[in-house]
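Engineer: With the sequence up front, the predicted model follows.
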Amino acid sequence: MKVLEYGTGGSTLFFLDRVKSVVSIEHDAGWVGIVTSGLNADERSRWRCHLVEPESTSLASPPGSLPYRADYRSNAPEYSGRTFHNYVLSIDDYPDGSFDLIMIDGRARPSCFVHAFNKVKSRGYIVWDNTERENYHKAMSLAPKHMKMFDFPGPSPYADFFTRTTAWFNEG
């Protein structure tokens with residue numbers, strides 16, 4: 001399998017033990033260094049990481065390309081006035097149908113989801129973590145009709161509440 005993930009960390013290590021290759025899109029240089037230090041030579045050879053730090057909103061390209069108002073922002077207060085436009089668009093460096101699995105567990109998740117539609121292979125999956133968050137629901141409703149949705153609610157490590165992960169299977 002070929003995997004692309006928005007956000008790197010534990011999932012990177014999990015996938016590298018099980019798949020052919022992993023592409024990560026990450027915004028935090030310090031975190032990339034920590035993850036990289038935990039990889040052996042074989043894992044590093046099968047991992048490509050795009051470090052794309054957020055930019056000032058005044059430098060961002062206008063959204064415009066998505067079917068709803070998406071500003072490519074993170075809701076985290078520390079990123080106020082910043083955009084993840086180039087971070088989200090990093091997936092566009094790859095041809096349509098490039099990935100068996102796209103994991104969304106990073107920043108600007110609604111925008112990442114919409115940009116993932118064409119990049120997942122037929123019979124592939126898009127998996128989005130923490131979809132219990134109300135601000136994600138509008139983007140979730142934009143999934144193409146040929147994608148079948150599955151919800152997985154349950155407990156999560158380090159959380160005192162149930163979370164939900166949602167997967168879409170591309171039947172197309």
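Structural biologist: That came through fine. Computed from a predicted structure; not experimentally measured.

Engineer: Please pick out the residue of the chain most distant from its centre.
Structural biologist: Of all residues in the chain, Ala41 has its C-alpha farthest from the mean position, at 24.7 Å, by CA atoms, centre = their mean.

Engineer: do you know how far it is from Trp47?
Structural biologist: Ala41 sits at a distance of 11 Å from Trp47 (criterion: CB to CB, to the nearest Å). All C-beta atoms are positioned from the backbone trio N, CA, C, and that covers glycine.

Engineer: what about Thr166, neighbour count?
Structural biologist: Thr166: 21 surrounding residues under other CB atoms under 10 Å.

Engineer: ok so it is a strand residue?
Structural biologist: Yes. Counting by DSSP: H, G, I helix; E, B strand; the rest coil, Thr166 falls inside a strand.

Engineer: That one bridge partners, please.
Structural biologist: In this entry, Thr166 is beta-bridged to Trp128, Asp151, by DSSP bridges.

Engineer: before we move on, the earlier item: so for the residue farthest from the centre of the chain, what's the pLDDT?
Structural biologist: Ala41 carries a pLDDT score of 95 in this model.

Engineer: what's the answer for Tyr72, then?
Structural biologist: Reported pLDDT for Tyr72: 87.

Engineer: quick one: secondary structure of it?
Structural biologist: Classification of Tyr72 by three-state DSSP places it in coil.

Engineer: That one and Tyr79 touch, don't they?
Structural biologist: No. Using CB atoms under 8 Å, Tyr72 is not in contact with Tyr79, being 10.6 Å away.

Engineer: For the two, indicate the residue with more neighbours.
Structural biologist: Taking other CB under 10 Å, Tyr72 and Tyr79 do not tie; Tyr72 has more neighbours (25 against 16).

Engineer: And the more buried one, how far from Pro153?
Structural biologist: Taken as CB to CB, the span from Tyr72 to Pro153 is 28 Å.

Engineer: Equivalent analysis for Gly30, please.
Structural biologist: 32 Å.

Engineer: if you count what's nearby, which of these two comes out ahead?
Structural biologist: Higher neighbour count among Gly30 and Pro153: Pro153, with 12 against 7, using other CB under 10 Å.

Engineer: That'll do, ta.
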